[in-house]
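Trainee: Give the three-dimensional model of this entry:
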Amino acid sequence: MVTHMIFNAVVEAFNSTTFNSWVYEGKAPAWPESLKLYNKLPSLGIKVVFILRGSSDTGTAVVYKSNARKKLEKSGYRIVGNIGDQWSDILGTNVGNRTFKLPHPVYYVSQ
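Mentor: Residues are numbered from 1 along each chain as shown. Next up is the predicted model:
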């Protein structure tokens, strides 16, 4: 999880093209506690996988992410935890053993 607050503090009106370019630069700082978890999980034998939905992906976020999780499971992964800052990250099918909804102070993605 990275913070989008830096981007939103600089840009006056939301522009998805500009925002996506900024995201792909990979310069946003990670939320400290999320980074700690990300660094700890491999030592517990858990591989971290990110499911990101691009602007060219079709369908709702819930359907897209459910399908991506289903593909992971079909390829042999077992989802033990599912963490997201939007409900669309953790709803749907193939959500894993536990889901964790993190707050996001900047934006909300509706279903």
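
Trainee: can we go C-alpha only for contacts and neighbour counts from here?
Mentor: Noted.

Trainee: Show the residue spans covered by the helices in the protein.
Mentor: Ranges of helices in the chain, per DSSP state H, are 5-10, 16-25, 32-40, 61-74, 87-90.

Trainee: Please work out the average pLDDT along the last one.
Mentor: Averaging pLDDT along helix 87-90 yields 90.

Trainee: elements contacting that helix?
Mentor: Applying 3 or more CA pairs under 8 Å, 6 or more residues apart in numbering; DSSP states H and E, one finds that helix 87-90 contacts helix 61-74, strand 81-84, strand 98-101.

Trainee: how about those, which one is nearest Lys40?
Mentor: Set against Lys40 and scored by CA to CA, the helices and strands packed on helix 87-90 come closest in strand 81-84, at 13.7 Å.

Trainee: So in the protein, where's the weakest helix or strand by average pLDDT?
Mentor: One helix or strand of the chain scores below all others by mean pLDDT, DSSP states H and E: helix 5-10, with a mean of 52.

Trainee: circling back to that earlier point, now the helices and strands packed on helix 87-90 as JSON lines including mean neighbour count, distance to Val23 and mean pLDDT?
Mentor: JSON lines is the format used below for the helices and strands packed on helix 87-90 (neighbours: other CA atoms under 10 Å; distance: least, CA to CA, whole Å; pLDDT from 0 to 100):
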{"stretch": "helix 61-74", "mean neighbour count": "18", "distance to Val23": "18", "mean pLDDT": "94"}
{"stretch": "strand 81-84", "mean neighbour count": "17", "distance to Val23": "17", "mean pLDDT": "92"}
{"stretch": "strand 98-101", "mean neighbour count": "14", "distance to Val23": "21", "mean pLDDT": "92"}
